[in-house]
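Asks: could you work out the structure for the sequence below:
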Amino acid sequence: MGRFSLSNIYMDKICIAEKLGLFADHWNPRIVAELNGQHVKLAKFKGEFVWHKHDDEDELFYVLEGSFCMQFRDKNVALNKGDMLVVPRGVEHRPVAKEEVSVMLFEPAATVNTGNAGGELTREKLDTI
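Replies: Model (predicted):
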């Protein structure tokens with residue numbers, strides 16, 4: 001089984017399905033890798049997230065399983081398994097998932113999940129799995 005530590009990276013494979021099986025909660029990303037100041041995160045979404053933006057960071061969402069809608073103030077983008085979307089810095093957005101969806105995120109290590117919105121869904125310190 002591969003091991004990952006932010007301070008000591010081993011060149012072992014990371015089994016995404018195995019990592020997704022380690023948690024069941026929603027809107028609580030986990031770090032699975034780090035490269036060039038970016039975190040690779042796994043998360044499960046269900047329901048509506050908060051409207052927010054990231055003034056200094058772009059975010060990449062890649063759908064592993066399921067589907068969700070990324071809402072913007074002027075349009076909605078439906079994302080299904082295998083789809084990817086980059087939300088540019090400064091653009092207000094909100095993910096909404098009718099059913100559970102598994103997502104991989106790529107974003108700078110300093111990115112806070114709720115951006116400028118804050119609130120009870122904010123996760124400032126993420127677990128590494």
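Asks: all strands for this protein, in order.
Replies: With strands called from DSSP state E, the chain shows them at 30-35, 38-48, 59-65, 67-72, 76-80, 84-87, 93-108.
Asks: residue 123 contacts residue 111, correct?
Replies: No: counting by CB atoms under 8 Å, residue 123 stays clear of residue 111, with 10.5 Å between them. Every C-beta, even on glycine, is put in place using the N, C-alpha and C of the backbone.
Asks: where in this structure is pLDDT low?
Replies: For the chain, the stretches with pLDDT under 70 are 1-10.
Asks: so which residue is dead centre in it?
Replies: Taking CA atoms, centre = their mean as the criterion, residue 105 is the residue nearest the geometric centre of the chain, at 3.7 Å.
Asks: so who does that residue touch?
Replies: 29, 39, 40, 41, 42, 43, 59, 60, 61, 62 (CB atoms under 8 Å, 6 or more residues apart in numbering).
Asks: so in terms of bridging, what pairs with it?
Replies: Per DSSP bridges, the residues bridged to residue 105 are residue 41, residue 61.
Asks: now distance to residue 128 too, for the strands of the chain, in a markdown table please.
Replies: What follows is the strands of the chain, written out as a markdown table (distance: least, CB to CB, whole Å):
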| stretch | distance to residue 128 |
| --- | --- |
| strand 30-35 | 5 |
| strand 38-48 | 9 |
| strand 59-65 | 18 |
| strand 67-72 | 24 |
| strand 76-80 | 26 |
| strand 84-87 | 23 |
| strand 93-108 | 14 |
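Asks: ok so, going back, closest to residue 78 out of the contacts of residue 105?
Replies: Nearest to residue 78 among those: residue 61, at 12.3 Å, using CB to CB.
Asks: surely the closest one and residue 102 touch.
Replies: No: contact between residue 61 and residue 102 fails when scored by CB under 8 Å: they sit 11.1 Å apart.
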